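[1] just a sequence and a predicted model for now, questions to come.
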Amino acid sequence: MINIRRSADRGKSNIGWLDTKFSFSFSRYYDPKHMGFRSLRVINDDRISPAAGFGRHPHQDMEIITWVLSGELAHEDSTGSKAVLKAGHVQRMSAGTGIVHSEFNNSPTQPVHLLQIWIEPNKLGIAPRFEDLTITPDEVQDTLRLVASPGGANGSSVIQQDANVYISALNEGTEVQLPLAAGRHAWVQVATGQIELNGKSLETGDGAAISEESLLKLRATAKSDILLFDLA
């Protein structure tokens with residue numbers, strides 16, 4: 001069973017320096033039919049203007065993953081961590097007992113495009129943790145690169161949830177596959193491009209909630225960047 005969430009149906013917010021599309025209810029966008037999927041709570045598709053960004057603000061008990069698609073994002077938080085995330089970088093921040101952070105476009109001239117993901121943890125009150133993964137283009141080209149998992153397999157970042165998070169950059173005509181164990185679910189988000197998911201067409205910004213499928217086949221019909229969640 002595949003339920004498609006079209007890009008045009010997402011929530012929208014544009015406050016000048018920040019243009020966002022919400023796959024699930026967030027901030028002032030509320031849709032009781034789209035509160036999340038399994039442990040996946042947020043997928044925000046953000047475009048931040050040059051030299052603008054989010055000032056210091058708190059989070060607690062959430063696994064937050066940021067994937068930069070283009071541009072540069074400067075991060076700083078109350079653990080003392082500082083980083084500049086460039087295109088291809090993936091950051092994992094476990095908010096745990098509480099963390100305060102800021103995120104700004106690091107460029108005075110170019111916008112930054114990113115996806116920010118929130119996953120609800122299965123254990124509360126852990127110590128805040130932060131990790132930045134520098135993902136090279138060859139690691140994601142025409143393959144599924146595991147970037148977050150409960151056990152840190154294959155160099156992925158450890159999250160406090162039974163969820164495996166993959167990213168992929170597919171050339172046109174390329175197909176990748178992911179078996180789903182019985183009782184598992186998945187979400188596919190097309191960051192850029194166009195794919196066929198088990199024969200169903202998805203374009204930039206589209207997402208799909210998947211249940212009762214044993215195998216996912218993702219074939220790019222145009223050059224594409226894909227985010228894939230394997231969820232309990």
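    Looks like it arrived, so ask away. Numbering: from 1, shown residues only.

[2] phi first, then psi, for the residue positioned nearest the centre of the chain.
    In the chain, the centroid-proximal residue (CA atoms, centre = their mean) is Ile117; its distance is 4.3 Å. When read as degrees, to the nearest 10, the backbone of Ile117 gives phi -120, psi 140.

[3] ok, it - contacts?
    Leu40, Val42, Ile43, Asn44, Ile64, Ile65, Thr66, Trp67, Val165, Leu227 (CB atoms under 8 Å, 6 or more residues apart in numbering). To be clear about C-beta, it is placed using only N, CA and C from the backbone, and glycine gets the same treatment.

[4] so which strand or helix has the fifth one?
    Spelled out, that is Ile64. Taking DSSP states H and E as the definition, one finds Ile64 inside strand 63-70.

[5] output the helix or strand just after that strand as CSV, nothing but the C-alphas.
    Using DSSP H and E, the helix or strand that follows strand 63-70 towards the C-terminus is strand 72-77. What follows is strand 72-77, C-alpha atoms only, in CSV (Å, rounded to 0.1, in the frame of the first residue of the first chain):
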residue,chain,number,x,y,z
GLU,A,72,26.1,26.3,3.2
LEU,A,73,24.5,26.2,6.7
ALA,A,74,26.3,27.4,9.8
HIS,A,75,25.4,25.6,13.0
GLU,A,76,26.2,26.4,16.6
ASP,A,77,24.7,24.8,19.8
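
[6] what strands line up against strand 72-77, and which way round?
    Paired strands of strand 72-77, with direction, are strand 82-86 (antiparallel), strand 99-105 (antiparallel) (DSSP bridges).

[7] which of these sits closest to Gly152?
    Of all those, the one in closest proximity to Gly152, counting by CB to CB, is strand 82-86 (19.0 Å).

[8] which SS class is the residue nearest to Trp187 when sequence neighbours are not counted?
    Closest residue to Trp187 apart from its sequence neighbours, by CB to CB, 6 or more residues apart in numbering: Phe229 at 4.4 Å. Following DSSP: H, G, I helix; E, B strand; the rest coil, Phe229 is assigned to strand.

[9] pLDDT score for Met93?
    If you check Met93, the pLDDT there is 89.

[10] next: Arg38.
    Taking Arg38 on its own, its pLDDT is 98.

[11] who touches the residue nearest to it when sequence neighbours are not counted in this structure?
    Closest residue to Arg38 apart from its sequence neighbours, by CB to CB, 6+ apart: Leu231 at 4.2 Å. The contact partners of Leu231, by CB under 8 Å, 6+ apart, come to Phe37, Arg38, Ser39, Leu40, Asp162, Ala163, Arg184, His185, Ala186, Trp187.

[12] now swap in Thr221 and tell me
    Contacts of Thr221 by CB under 8 Å, 6+ apart are Glu172, Gly173, Gln194, Ile195, Glu196, Ser201.

[13] go again using 7 Å as the cut-off
    Glu172, Gln194, Ile195, Glu196 (CB atoms under 7 Å, 6 or more residues apart in numbering).

[14] and those, which two are the farthest apart?
    Among the contacts of Thr221, Glu172 and Glu196 lie farthest apart (CB to CB), at 11.5 Å.
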